[in-house]
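I would like to see how this sequence folds:
(one chain, ligands or ions: 1)
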Amino acid sequence: MSRVVVTGRVPDAAVEKLRAAHEVDAWPGPESIGREELLRRVAGADAVVSLLTERIDAELLDAAGPQLKVVANVAVGYDNIDVPACTGRGVVATNTPGVLTDATADIAFGLILMATRRLGEGERLIRSGQAWKWGMFFLLGSSLQGKTLGVVGMGGIGQATARRAKAFGMEIVYQSRSEIDPGIAAELGARRVDLDELLSVSDVVSLHCPYGPATHHLIGPEQLTAMKSSAYLVNTARGPIVDEAALASALREGRIAGAGLDVFEHEPQVHPELLELDNVVLVPHLGSATVETRTAMAMLAADNVLAVLSGERPPAPIG
Ligand code: GLV
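Next up, the predicted model:
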(Lines give C-alpha, C1' and ligand atoms only; values in the text may rest on other atoms or scores of the structure.)
Protein backbone atom coordinates (compact mmCIF):
# COMPACT_ATOMS: atom_id res chain seq x y z
CA MET A 1 0.00 0.00 0.00
CA SER A 2 1.37 3.38 -1.00
CA ARG A 3 0.68 6.83 0.40
CA VAL A 4 -1.20 9.21 -1.88
CA VAL A 5 -1.55 12.90 -1.01
CA VAL A 6 -4.41 14.79 -2.66
CA THR A 7 -3.66 18.48 -2.33
CA GLY A 8 -7.17 19.91 -2.69
CA ARG A 9 -10.81 18.89 -2.80
CA VAL A 10 -11.62 16.64 -5.76
CA PRO A 11 -14.81 14.65 -6.50
CA ASP A 12 -15.32 11.83 -3.96
CA ALA A 13 -15.39 9.08 -6.59
CA ALA A 14 -11.71 9.68 -7.38
CA VAL A 15 -10.67 9.66 -3.72
CA GLU A 16 -12.62 6.44 -3.19
CA LYS A 17 -10.97 4.83 -6.19
CA LEU A 18 -7.54 5.65 -4.78
CA ARG A 19 -8.57 4.61 -1.27
CA ALA A 20 -9.56 1.14 -2.50
CA ALA A 21 -5.89 0.41 -3.12
CA HIS A 22 -3.85 2.93 -1.14
CA GLU A 23 -3.64 5.08 1.96
CA VAL A 24 -5.01 8.49 0.95
CA ASP A 25 -4.38 11.79 2.70
CA ALA A 26 -6.83 14.18 1.03
CA TRP A 27 -6.87 17.88 1.96
CA PRO A 28 -10.51 18.52 2.93
CA GLY A 29 -10.66 22.20 1.84
CA PRO A 30 -12.71 24.24 1.10
CA GLU A 31 -9.81 26.73 1.45
CA SER A 32 -6.75 25.79 -0.55
CA ILE A 33 -3.93 24.10 1.28
CA GLY A 34 -1.25 26.60 2.30
CA ARG A 35 2.28 26.12 1.04
CA GLU A 36 3.67 25.11 4.44
CA GLU A 37 0.92 22.58 5.06
CA LEU A 38 1.43 21.24 1.55
CA LEU A 39 5.17 20.78 2.07
CA ARG A 40 4.51 19.10 5.39
CA ARG A 41 1.87 16.71 4.04
CA VAL A 42 3.76 15.55 0.96
CA ALA A 43 6.68 14.29 3.08
CA GLY A 44 6.92 10.54 2.50
CA ALA A 45 4.25 10.47 -0.23
CA ASP A 46 4.51 7.99 -3.10
CA ALA A 47 2.03 9.96 -5.20
CA VAL A 48 0.70 13.51 -5.25
CA VAL A 49 -2.58 14.47 -6.90
CA SER A 50 -2.22 18.20 -7.52
CA LEU A 51 -4.52 21.05 -8.51
CA LEU A 52 -3.42 23.78 -10.90
CA THR A 53 -3.29 26.29 -8.05
CA GLU A 54 -0.34 24.48 -6.47
CA ARG A 55 3.26 24.91 -7.57
CA ILE A 56 4.99 21.58 -7.97
CA ASP A 57 8.66 22.53 -7.99
CA ALA A 58 12.03 21.27 -6.80
CA GLU A 59 11.31 22.41 -3.24
CA LEU A 60 8.11 20.36 -3.10
CA LEU A 61 9.68 17.32 -4.75
CA ASP A 62 12.53 17.43 -2.24
CA ALA A 63 10.05 17.84 0.62
CA ALA A 64 8.25 14.73 -0.63
CA GLY A 65 11.40 12.62 -0.74
CA PRO A 66 13.03 10.13 -3.10
CA GLN A 67 10.18 7.57 -2.85
CA LEU A 68 7.83 9.90 -4.77
CA LYS A 69 6.84 8.23 -8.04
CA VAL A 70 4.09 10.32 -9.59
CA VAL A 71 2.59 13.80 -9.64
CA ALA A 72 -0.87 13.70 -11.21
CA ASN A 73 -2.22 17.15 -12.09
CA VAL A 74 -6.00 17.46 -12.22
CA ALA A 75 -5.79 19.78 -15.25
CA VAL A 76 -4.71 19.63 -18.85
CA GLY A 77 -2.40 22.64 -18.43
CA TYR A 78 0.70 21.90 -16.39
CA ASP A 79 2.53 25.20 -16.19
CA ASN A 80 2.29 24.80 -12.38
CA ILE A 81 4.61 21.77 -12.61
CA ASP A 82 8.36 21.92 -13.10
CA VAL A 83 8.43 18.92 -15.42
CA PRO A 84 12.25 18.77 -15.81
CA ALA A 85 12.55 18.78 -11.99
CA CYS A 86 10.17 15.79 -11.90
CA THR A 87 11.96 13.96 -14.70
CA GLY A 88 15.35 14.62 -13.08
CA ARG A 89 14.13 12.87 -9.93
CA GLY A 90 12.49 9.98 -11.78
CA VAL A 91 9.01 11.27 -10.91
CA VAL A 92 6.36 10.73 -13.59
CA ALA A 93 4.18 13.80 -14.21
CA THR A 94 0.70 13.33 -15.68
CA ASN A 95 -2.21 15.57 -16.73
CA THR A 96 -5.84 15.18 -17.87
CA PRO A 97 -6.11 15.83 -21.61
CA GLY A 98 -9.22 15.02 -23.61
CA VAL A 99 -11.82 14.88 -20.87
CA LEU A 100 -12.19 18.68 -20.60
CA THR A 101 -11.99 19.51 -24.31
CA ASP A 102 -15.71 20.09 -24.90
CA ALA A 103 -16.36 21.88 -21.61
CA THR A 104 -13.54 24.34 -22.31
CA ALA A 105 -14.54 24.87 -25.94
CA ASP A 106 -18.08 25.57 -24.71
CA ILE A 107 -16.76 28.34 -22.44
CA ALA A 108 -14.60 29.75 -25.26
CA PHE A 109 -17.63 29.89 -27.49
CA GLY A 110 -19.77 31.26 -24.68
CA LEU A 111 -17.27 34.09 -24.28
CA ILE A 112 -17.25 34.68 -28.04
CA LEU A 113 -21.04 35.07 -27.99
CA MET A 114 -21.02 37.16 -24.82
CA ALA A 115 -18.39 39.55 -26.16
CA THR A 116 -19.70 39.91 -29.72
CA ARG A 117 -23.37 40.20 -28.66
CA ARG A 118 -22.66 42.38 -25.60
CA LEU A 119 -24.44 39.99 -23.26
CA GLY A 120 -22.40 40.99 -20.21
CA GLU A 121 -23.21 44.64 -20.80
CA GLY A 122 -26.89 43.85 -21.23
CA GLU A 123 -26.99 41.77 -18.08
CA ARG A 124 -25.23 44.47 -16.07
CA LEU A 125 -27.58 47.12 -17.45
CA ILE A 126 -30.71 45.28 -16.30
CA ARG A 127 -29.27 44.55 -12.88
CA SER A 128 -28.27 48.19 -12.46
CA GLY A 129 -31.96 49.14 -12.48
CA GLN A 130 -31.46 51.67 -15.29
CA ALA A 131 -34.43 52.29 -17.56
CA TRP A 132 -34.20 50.59 -20.95
CA LYS A 133 -36.40 49.65 -23.87
CA TRP A 134 -35.99 47.90 -27.19
CA GLY A 135 -34.41 50.21 -29.73
CA MET A 136 -33.19 49.83 -33.32
CA PHE A 137 -29.69 50.82 -32.28
CA PHE A 138 -29.73 49.59 -28.67
CA LEU A 139 -26.65 47.53 -27.66
CA LEU A 140 -25.83 46.48 -31.20
CA GLY A 141 -23.19 43.80 -31.40
CA SER A 142 -21.46 42.05 -34.20
CA SER A 143 -22.63 38.94 -36.13
CA LEU A 144 -20.46 35.83 -36.41
CA GLN A 145 -21.75 34.42 -39.71
CA GLY A 146 -19.20 34.85 -42.47
CA LYS A 147 -16.57 36.18 -40.06
CA THR A 148 -13.19 34.59 -39.40
CA LEU A 149 -12.13 32.84 -36.20
CA GLY A 150 -8.37 32.71 -35.60
CA VAL A 151 -7.40 29.84 -33.34
CA VAL A 152 -4.00 30.16 -31.66
CA GLY A 153 -2.98 26.62 -30.67
CA MET A 154 -4.93 24.03 -32.63
CA GLY A 155 -4.87 21.10 -30.19
CA GLY A 156 -8.02 19.35 -29.03
CA ILE A 157 -9.62 22.42 -27.41
CA GLY A 158 -8.72 24.70 -30.33
CA GLN A 159 -10.23 22.19 -32.76
CA ALA A 160 -13.38 21.81 -30.66
CA THR A 161 -13.78 25.61 -30.57
CA ALA A 162 -13.26 25.75 -34.35
CA ARG A 163 -15.94 23.07 -34.80
CA ARG A 164 -18.42 25.21 -32.86
CA ALA A 165 -17.42 28.27 -34.90
CA LYS A 166 -17.98 26.39 -38.14
CA ALA A 167 -21.49 25.51 -36.98
CA PHE A 168 -22.05 29.26 -36.54
CA GLY A 169 -20.97 29.90 -40.13
CA MET A 170 -17.46 31.17 -39.42
CA GLU A 171 -14.32 30.66 -41.49
CA ILE A 172 -11.36 29.19 -39.60
CA VAL A 173 -7.66 30.05 -39.67
CA TYR A 174 -5.22 28.66 -37.15
CA GLN A 175 -1.68 28.98 -35.93
CA SER A 176 -0.11 25.92 -34.41
CA ARG A 177 3.28 24.35 -33.82
CA SER A 178 2.30 21.51 -36.11
CA GLU A 179 -0.08 20.81 -38.97
CA ILE A 180 -3.32 19.21 -37.79
CA ASP A 181 -4.81 16.00 -39.16
CA PRO A 182 -5.63 16.78 -42.83
CA GLY A 183 -9.08 15.16 -42.48
CA ILE A 184 -9.95 17.50 -39.57
CA ALA A 185 -8.52 20.53 -41.42
CA ALA A 186 -10.70 19.64 -44.42
CA GLU A 187 -13.80 19.06 -42.27
CA LEU A 188 -13.33 22.47 -40.64
CA GLY A 189 -12.10 24.19 -43.80
CA ALA A 190 -9.26 25.38 -41.56
CA ARG A 191 -6.22 27.10 -43.06
CA ARG A 192 -2.87 27.19 -41.23
CA VAL A 193 -1.28 30.66 -41.15
CA ASP A 194 1.40 32.41 -39.13
CA LEU A 195 0.46 34.52 -36.12
CA ASP A 196 0.86 37.83 -37.98
CA GLU A 197 -1.58 36.79 -40.69
CA LEU A 198 -3.98 35.29 -38.14
CA LEU A 199 -4.07 38.56 -36.18
CA SER A 200 -4.66 40.67 -39.26
CA VAL A 201 -7.45 38.58 -40.82
CA SER A 202 -9.39 37.36 -37.78
CA ASP A 203 -12.60 38.88 -36.46
CA VAL A 204 -12.27 36.78 -33.31
CA VAL A 205 -8.93 35.51 -31.96
CA SER A 206 -9.25 32.61 -29.51
CA LEU A 207 -6.23 31.42 -27.51
CA HIS A 208 -5.74 27.69 -26.91
CA CYS A 209 -1.97 27.25 -26.70
CA PRO A 210 -0.14 25.99 -23.60
CA TYR A 211 1.56 28.56 -21.38
CA GLY A 212 5.33 28.58 -20.98
CA PRO A 213 8.34 30.82 -21.69
CA ALA A 214 7.59 30.63 -25.44
CA THR A 215 4.04 31.92 -25.04
CA HIS A 216 4.54 34.46 -22.22
CA HIS A 217 2.88 37.69 -23.46
CA LEU A 218 2.42 36.13 -26.89
CA ILE A 219 -0.32 38.73 -27.22
CA GLY A 220 1.20 42.10 -26.29
CA PRO A 221 0.92 45.69 -27.55
CA GLU A 222 2.25 44.88 -31.03
CA GLN A 223 -0.09 41.93 -31.56
CA LEU A 224 -3.10 43.87 -30.29
CA THR A 225 -2.26 46.65 -32.75
CA ALA A 226 -2.04 44.07 -35.55
CA MET A 227 -5.64 42.98 -34.85
CA LYS A 228 -8.59 44.63 -36.62
CA SER A 229 -10.16 47.42 -34.58
CA SER A 230 -13.45 45.50 -34.98
CA ALA A 231 -11.97 42.24 -33.63
CA TYR A 232 -12.39 40.41 -30.32
CA LEU A 233 -9.86 38.48 -28.22
CA VAL A 234 -10.89 35.45 -26.17
CA ASN A 235 -8.62 33.67 -23.68
CA THR A 236 -9.56 30.37 -22.05
CA ALA A 237 -5.96 29.07 -21.98
CA ARG A 238 -3.73 30.77 -19.41
CA GLY A 239 -3.70 34.40 -18.31
CA PRO A 240 -0.03 35.31 -18.81
CA ILE A 241 -0.26 34.49 -22.54
CA VAL A 242 -1.78 37.97 -22.74
CA ASP A 243 -0.15 41.17 -21.52
CA GLU A 244 -3.16 42.25 -19.47
CA ALA A 245 -2.12 45.90 -19.10
CA ALA A 246 -1.67 46.15 -22.88
CA LEU A 247 -5.05 44.51 -23.40
CA ALA A 248 -6.73 46.97 -21.03
CA SER A 249 -5.20 49.91 -22.99
CA ALA A 250 -6.26 48.44 -26.34
CA LEU A 251 -9.82 47.94 -25.08
CA ARG A 252 -9.98 51.39 -23.50
CA GLU A 253 -8.70 53.10 -26.62
CA GLY A 254 -10.99 51.07 -28.92
CA ARG A 255 -8.00 49.52 -30.74
CA ILE A 256 -9.90 46.23 -30.56
CA ALA A 257 -13.68 45.90 -30.15
CA GLY A 258 -13.83 43.63 -27.15
CA ALA A 259 -12.56 40.63 -25.22
CA GLY A 260 -13.70 37.65 -23.21
CA LEU A 261 -11.43 36.30 -20.49
CA ASP A 262 -11.71 33.13 -18.41
CA VAL A 263 -8.10 33.33 -17.18
CA PHE A 264 -5.97 36.18 -15.84
CA GLU A 265 -2.33 37.15 -15.78
CA HIS A 266 -2.12 37.33 -11.99
CA GLU A 267 -5.01 35.03 -11.17
CA PRO A 268 -7.15 35.40 -9.11
CA GLN A 269 -6.39 39.14 -9.38
CA VAL A 270 -7.83 40.91 -12.39
CA HIS A 271 -6.18 44.02 -13.81
CA PRO A 272 -8.15 46.88 -12.17
CA GLU A 273 -8.60 48.70 -15.49
CA LEU A 274 -10.40 45.70 -16.98
CA LEU A 275 -12.99 45.90 -14.21
CA GLU A 276 -13.88 49.41 -15.37
CA LEU A 277 -14.40 48.50 -19.02
CA ASP A 278 -17.71 47.52 -20.57
CA ASN A 279 -16.23 45.88 -23.66
CA VAL A 280 -14.68 42.95 -21.80
CA VAL A 281 -16.44 39.92 -20.34
CA LEU A 282 -14.76 38.45 -17.28
CA VAL A 283 -15.46 34.98 -15.87
CA PRO A 284 -13.53 33.20 -13.10
CA HIS A 285 -11.60 30.31 -14.73
CA LEU A 286 -14.65 28.15 -15.46
CA GLY A 287 -13.32 26.32 -18.54
CA SER A 288 -13.65 22.80 -17.14
CA ALA A 289 -16.20 23.62 -14.43
CA THR A 290 -18.98 21.09 -14.97
CA VAL A 291 -19.78 18.27 -12.57
CA GLU A 292 -19.21 15.70 -15.32
CA THR A 293 -15.93 17.17 -16.50
CA ARG A 294 -14.40 17.71 -13.07
CA THR A 295 -15.35 14.14 -12.15
CA ALA A 296 -13.77 12.80 -15.34
CA MET A 297 -10.61 14.85 -14.70
CA ALA A 298 -10.25 13.58 -11.13
CA MET A 299 -10.91 9.98 -12.23
CA LEU A 300 -8.24 10.27 -14.94
CA ALA A 301 -5.79 11.68 -12.40
CA ALA A 302 -6.60 8.71 -10.11
CA ASP A 303 -6.04 6.29 -13.02
CA ASN A 304 -2.70 7.96 -13.72
CA VAL A 305 -1.65 7.45 -10.09
CA LEU A 306 -2.88 3.85 -9.94
CA ALA A 307 -1.04 2.94 -13.13
CA VAL A 308 2.30 4.40 -12.02
CA LEU A 309 2.03 2.84 -8.56
CA SER A 310 1.43 -0.55 -10.24
CA GLY A 311 4.51 -0.09 -12.39
CA GLU A 312 2.48 0.55 -15.56
CA ARG A 313 2.51 3.37 -18.09
CA PRO A 314 -0.14 5.93 -17.04
CA PRO A 315 -2.92 6.85 -19.49
CA ALA A 316 -1.84 10.51 -19.68
CA PRO A 317 1.87 11.07 -19.10
CA ILE A 318 3.21 14.58 -19.78
CA GLY A 319 5.71 14.68 -22.63
C1 GLV B 1 -7.64 24.19 -16.67
O2 GLV B 1 -7.34 25.34 -16.76
C3 GLV B 1 -6.82 23.10 -17.10
O4 GLV B 1 -5.68 23.31 -17.53
O5 GLV B 1 -7.28 21.95 -17.00
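
hey, let's count contacts and neighbours off CA atoms from now on
OK.

Could you report the separation of the closest residue to residue 154 other than its chain neighbours from residue 7?
Distances taken as C-alpha to C-alpha, 6 or more residues apart in numbering place residue 176 nearest to residue 154, at 5.5 Å, with adjacent residues excluded. Using C-alpha to C-alpha, to the nearest Å, residue 176 is found at 33 Å from residue 7.

Can you pick out the residue with more neighbours from these two?
residue 7 (25 against 18; other C-alpha atoms under 10 Å).

For the one residue sitting closest to the centre of the chain, which non-adjacent residue is spatially closest?
Geometric centre of the chain, nearest residue: residue 237, 3.4 Å, by C-alpha atoms, centre = their mean. Sequence neighbours aside, residue 208 is the residue nearest to residue 237 in space, at 5.1 Å (criterion: C-alpha to C-alpha, 6+ apart).

try residue 284
Residue 284 sits nearest to residue 262 (C-alpha to C-alpha, 6+ apart), 5.6 Å away.

The lengthiest helix in the chain: which residues count as buried?
Longest helix in the chain, counting residues (DSSP state H): helix 291-309. Buried residues in helix 291-309, defined by neighbour count with 16 or more other C-alpha atoms under 10 Å: 293-306, 308-309.

counting contacts, what elements does that helix pack onto?
Under the contact criterion of 3 or more C-alpha pairs under 8 Å, 6 or more residues apart in numbering; DSSP states H and E, helix 291-309 touches helix 12-19, strand 47-50, strand 70-73, strand 92-94.

before we move on, the earlier item: tell me which of the buried residues of helix 291-309 is nearest to residue 199?
Nearest to residue 199 among those, counting by C-alpha to C-alpha, is residue 293 at 31.4 Å.

The closest one reaches residue 98, doesn't it?
No - distance between residue 293 and residue 98: 10.0 Å, which falls outside the contact criterion (C-alpha atoms under 8 Å).

quick one: contacts for the residue nearest to residue 284?
If you count contacts by C-alpha atoms under 8 Å, 6 or more residues apart in numbering, residue 262 has them with 235-237, 282-287.

Turn the buried ones among these into a named PyMOL selection, would you?
Here is the PyMOL command that selects the buried residues among the contacts of residue 262 (16+ other C-alpha under 10 Å):
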select buried, resi 235+236+237+282+285+287
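
Which parts of the stretch 101-250 of the chain are strands?
According to DSSP state E, counting those that start in this stretch, the stretch 101-250 of the chain carries its strands in the segments 148-152, 171-175, 190-192, 204-207, 232-235.

How about the last one and the ligand, any contact?
No - for a cut-off given as C-alpha under 6 Å from any ligand atom, strand 232-235 has no contacts with the ligand; the smallest distance is 10.9 Å.

So which bits of that strand are buried?
Buried-residue list, strand 232-235, by 16+ other C-alpha under 10 Å: 232-235.

cool, the second one as well?
Using 16+ other C-alpha under 10 Å as the burial criterion, the residues of strand 171-175 that qualify are 171-175.

Is the residue nearest to residue 237 in contact with residue 153, as I believe?
Yes - because the distance of 4.8 Å satisfies C-alpha under 8 Å, residue 208 is recorded as touching residue 153.
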